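Participant: got a sequence here, can you build the structure:
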Amino acid sequence: MNKDALIYVAGHRGLVGSGISRALRSRGFANVLERTRSELDLTDSAAVSSFFEANKPEYVFLAAARVGGIKANDAYPADFIRDNLQIQTNVIDAAWRAGTRKLLFLGSSCIYPKYAPQPMTEHSLLTGQLEPTNEAYAIAKIAGIKMCQAYRRQYGFDAISVMPTNLYGPGDNFDLNNSHVLPALIRKFHEAKLSGAPAVTIWGTGEPRREFLHVDDLADACVFLMENYSSEEIINVGVGRDISIAELAELVRRVVDYEGEIVRDTSMPDGTPRKLMDVSRLNQAGWRAKIPLEAGIRDTYRWFVENQLT
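Facilitator: Numbers count the residues shown, from 1 in each chain. Model prediction:
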């Protein structure tokens, strides 16, 4: 990408989109195009088409999506499948029609089967049953992958699909009703510390294992892949190491400096037993994650205290 290229970041106010915008600007890309939801409703096909025809961005990072944790996915499956299908269909098609040179689609590790062999390789896609609690979201993302592949095959559109592992970082969603596990733990432990609560309850057995990638690492990888990767094959982005939810809770407790107990509510769902990404394809392409988990959590906790409580 040339430094003066017009680049559209869809979803620039979200965790991933804001990270990509920061990464682009820090590298000297001056023409970063952004629109808020009130300015451009990506579920509105006509509005999206008009936007692309008027602006004709050369590169598109499709980071816009309806996202949430287990509770939100389980409670609102219709919203998750409808909104995500609409957003990605509108943007991918409009980008191709407007002559966009390249598009990067952000998928998710939840596209892989619940019991996929670990670590999960890109070849695991569509080889087994999905995790039921986020099946609607996963199916929408799989459809986005297949749409990118189909547009490449039929039209020669340079659309690539990136599968990030679990993400966290500044700008995350800390709402306990629809957040992911790491920001939820940060908020729970912080509020327990302030209130003097004797214990914090975590969902499930604590045994499931998850991999966590700082959003700034993901953004760095996305810019790298936009400039260096072109294939219909999906590519995983992660750190290649995981941690149990119980170990994660202990780590967050230490970062927050909370001295109470951790209680496990085993009546709540665990979700997929393990989600570890095979990142050998990405490593071979020349990229590796740089931010250690504890340092990343400390960075995220500082952001939470400074921005969520003022």
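
Participant: please, where are all the helices along the stretch 151-300 of the chain?
Facilitator: 181-195, 215-228, 245-256, 280-285, 293-308 (DSSP state H, counting those that start in this stretch).

Participant: which elements pack onto the first one?
Facilitator: Contacts defined by 3 or more C-beta pairs under 8 Å, 6 or more residues apart in numbering; DSSP states H and E place helix 181-195 against strand 166-168, strand 199-203, helix 245-256, helix 293-308. The C-beta positions use only the backbone N, C-alpha and C, and glycine is treated the same way.

Participant: same deal with the longest one?
Facilitator: With contacts defined as 3+ C-beta pairs under 8 Å, 6+ apart, the secondary structure elements packing on helix 293-308 are strand 166-168, helix 181-195, strand 212-214, helix 245-256.

Participant: contacts for the helix or strand bottoming out on mean pLDDT in the chain next, please.
Facilitator: Ranking every helix and strand in the chain by mean pLDDT, DSSP states H and E puts helix 70-75 at the bottom, with a mean of 79. Helix 70-75 is contacted from outside by 80, 133, 134, 136, 137, 177, 178, 203, 269, 271, using C-beta atoms under 8 Å, 6 or more residues apart in numbering.

Participant: for residue 268, list the residues it contacts.
Facilitator: 203, 204.

Participant: give the residue spans of the chain that score low on pLDDT.
Facilitator: 309-310 (pLDDT under 70).

Participant: can you give me the strands in it?
Facilitator: 7-10, 32-33, 59-62, 102-106, 159-164, 166-168, 199-203, 209-210, 212-214, 235-237, 243-244, 261-265, 274-275 (DSSP state E).

Participant: relative to residue 246, how far out is the closest residue to residue 53 other than its chain neighbours?
Facilitator: Using C-beta to C-beta, 6 or more residues apart in numbering and skipping the chain neighbours, the partner closest in space to residue 53 is residue 98 (5.8 Å). From residue 98 across to residue 246, the span is 48 Å (C-beta to C-beta, to the nearest Å).
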